[in-house]
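Colleague: below are the sequence and a predicted model; questions follow.
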Amino acid sequence: AYYKFEKAFTVRLQSEQQDAYLQTEVQLKLESSHDQDLMKQFEPELKHRITLTLMGKHAADLGTAAGVQNLANELRDVANRVVGAPPPKKRRPGVEQVPADTAEPGDPVQSVLFSTFIVQ
């Protein structure tokens, strides 16, 4: 099952030089169709948290497929925290935590998919 936000997210990215903007359509791949109601219930907070996360990114971070995938993984973890899933397990202490490529079993949001992704 999938959950699609009606409108694209458009945010100004962090930049030391000229302004950069991101416009993207976000869809959530859900563990089950029953989770669609949960996403609707939390949609205002999901939009807010996703927008804040996107605004914290630099255009340079989103210039590669790996950077976009890391963002998708981070947004998946953000969405799962909003709807009450436990935080992802810590890996090694003292090492920067990069979001895992796969969700925890049982998490409502299994992945984040971008149907458009424009950095300008």
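Modeller: In hand now; what should we look at? What you see is a predicted model; the values in this text were computed from it and never measured.

Colleague: can you pull out the helices in this structure?
Modeller: 35-41, 43-55, 65-82 (DSSP state H).

Colleague: contact partners of the longest one?
Modeller: By that I understand helix 65-82. Contacts of helix 65-82 from elsewhere in the structure, counted by Cβ atoms under 8 Å, 6 or more residues apart in numbering, are 26, 28, 42, 45-46, 49-50, 53-54, 57, 61-62, 87-88, 98-101, 103-104, 107-114, 117. Where C-beta positions appear, they are placed from N, C-alpha and C, glycine not excepted.

Colleague: how far off centre is it?
Modeller: 4 Å (Cα atoms, centre = their mean, to the nearest Å).

Colleague: the spatially closest residue to Pro108 that is not a sequence neighbour: neighbour count?
Modeller: Take Pro108 and drop its neighbours on the chain: the residue closest to it by Cβ to Cβ, 6 or more residues apart in numbering is Asp35, 4.2 Å away. Residues lying near Asp35 (other Cβ atoms under 10 Å) number 19.

Colleague: quick one: Asp35 and Ala1 touch, right?
Modeller: Yes - at 6.7 Å, Asp35 counts as touching Ala1 under the criterion of Cβ atoms under 8 Å.

Colleague: so where is the chain shaky, pLDDT-wise?
Modeller: Applying pLDDT under 70 to the chain flags the ranges 88-98.

Colleague: please pick out the residue of it most distant from its centre.
Modeller: Of all residues in the chain, Gln17 sits farthest from the chain's C-alpha centroid, using Cα atoms, centre = their mean; the distance is 25.1 Å.
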